[in-house]
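> Provide a 3D model corresponding to the input given below.
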Amino acid sequence: MAQARPIIVIKKKSGHGGHHGGAWKVAYADFVTAMMALFIVLWLLNSSKQVQEAVGGYFRDPTGTAKKVGTNMAGAAESFAITKDNMPKLKEQLQKAMKQLSDFDKLKNQIEMTVTSEGLRIELMETASGTFFDSGSATPSGDGRELLSLLAVELGQLPNKVSIEGHTDAKPYSGKVSYSNWELSSDRANAARRLMQTKGLGAAQVSQVRGYADQRLRIPANPLEPSNRRISLIVQYLAKNDDDAPPDPPQATTPAEAPPAVPAEHK
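This next block holds a predicted model:
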């Protein structure tokens, strides 16, 4: 009698084919990761040096146990403190950042930065037709909003105090009764403050807002020169010691009595 052959049971596993598996998900995740890394690199290339140093400091010491930029207990901003010695460096960085403005070539002659005993003074000067503020208005123009927003982002990364001044030329304001160059200069300075504080300037950074009307002309020999109308931002340096302490800012001049409105040509 022939020996019985063993019964072989073949079990087939059912499931999705290779094209329905999860291999594509791994490839997609790699692609997204690579794109994110690319975007971070592009962002860093266009960021200020302080931001680059802060990001680099974090990756060098993410636990914050070393005294490196961006990781020490004092915070990154403390490492960026602008003193009397490195104020020119801040000027160079702001000049570089301003080149990103859409109309930089048109505006560059209306922006002046000077290192003074108070700190870095940034003057935004008007032209005859108005540049950063519409003529006779305390509302920033499109160019004024763009520049003030950019400065707010840059200065908001610093621990330094900032004071804001408004100035006019000597031509009497016309258009409103009981409204003069005193009100216009103060309103423009406050409009700049409000805008900058919504764009990155810290609330505690603003030390003073001053309106000087025409009492501090940029060009005293020509009191009607349009560039006398300007907004001044003063980035006050941080003192390293008592000898470096900046001088007290001048007291804001307030009019004993607003000059009467005199009908005149529109400013």
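> and T33, how many residues sit next to it?
10 (other CB atoms under 10 Å). For glycine as for every other residue, the C-beta is placed from the backbone atoms N, C-alpha and C.
> before we move on, what about G175?
Quick note: G175 (other CB under 10 Å) scores 13 neighbours.
> so where's this protein uncertain?
For the chain, applying pLDDT under 70 flags the ranges 1-3, 13-21, 50, 60-81, 239-267.
> redo that, cut-off 80
1-23, 46-85, 175, 239-267 (pLDDT under 80).
> what segments of the stretch 1-150 of the chain are strands?
Secondary structure of the stretch 1-150 of the chain (DSSP state E, counting those that start in this stretch): strands at 111-115, 119-125.
> looking at those, which is nearest to G56?
Closest to G56 of those is strand 119-125 (CB to CB; 25.2 Å).
> helices and strands around the closest one, which ones?
Of the remaining helices and strands, those touching strand 119-125 by 3 or more CB pairs under 8 Å, 6 or more residues apart in numbering; DSSP states H and E are helix 87-98, strand 111-115, helix 142-155, strand 230-236.
> adjacent strands (with direction) for it?
strand 111-115 (antiparallel), strand 230-236 (antiparallel) (DSSP bridges).
> out of the ones you listed, which is closest to Q100?
Closest among the strands paired with strand 119-125, using CB to CB: strand 111-115, at 13.2 Å.
> tilt between the closest one and helix 142-155?
Here the directions of strand 111-115 and helix 142-155 differ by 30 degrees (axes from the mean of the first three to the mean of the last three CA atoms, to 10 degrees).
> buried residues, strand 111-115. List them.
By neighbour count on 16 or more other CB atoms under 10 Å, the buried set for strand 111-115 is I111, M113.
> contacts for stretch 137-149, please.
Contact partners of stretch 137-149, identified using CB atoms under 8 Å, 6 or more residues apart in numbering, comprise 98, 101-103, 106-107, 111, 124, 130-134, 184, 187-188, 190-192, 195-196, 199-200.
> ok, now how distant is S141 from Q157?
25 Å (CB to CB, to the nearest Å).
> among the contacts of stretch 137-149, name the ones in helices.
Of the contacts of stretch 137-149, the ones assigned to helices by DSSP state H are M98, K106, L107, L184, D187, R188, N190, A191, A192, L195, M196, K199.
> tell me who's in contact with the fourth one.
To tie it back to what came earlier, the one meant is L184. G136, A138, G166, T168, Y173, G211, A213.
> in ChimeraX, select just the buried ones from these.
Buried residues within these, by 16+ other CB under 10 Å, are selected in ChimeraX with:
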select :138,166,168,173,211,213
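> list just the nearest of the contacts of L184 to P226.
Nearest to P226, judged by CB to CB, of these is T168 at 10.2 Å.
> surely the closest one meets S227?
No. Assessed by CB atoms under 8 Å, T168 is found out of contact with S227, at 11.3 Å.
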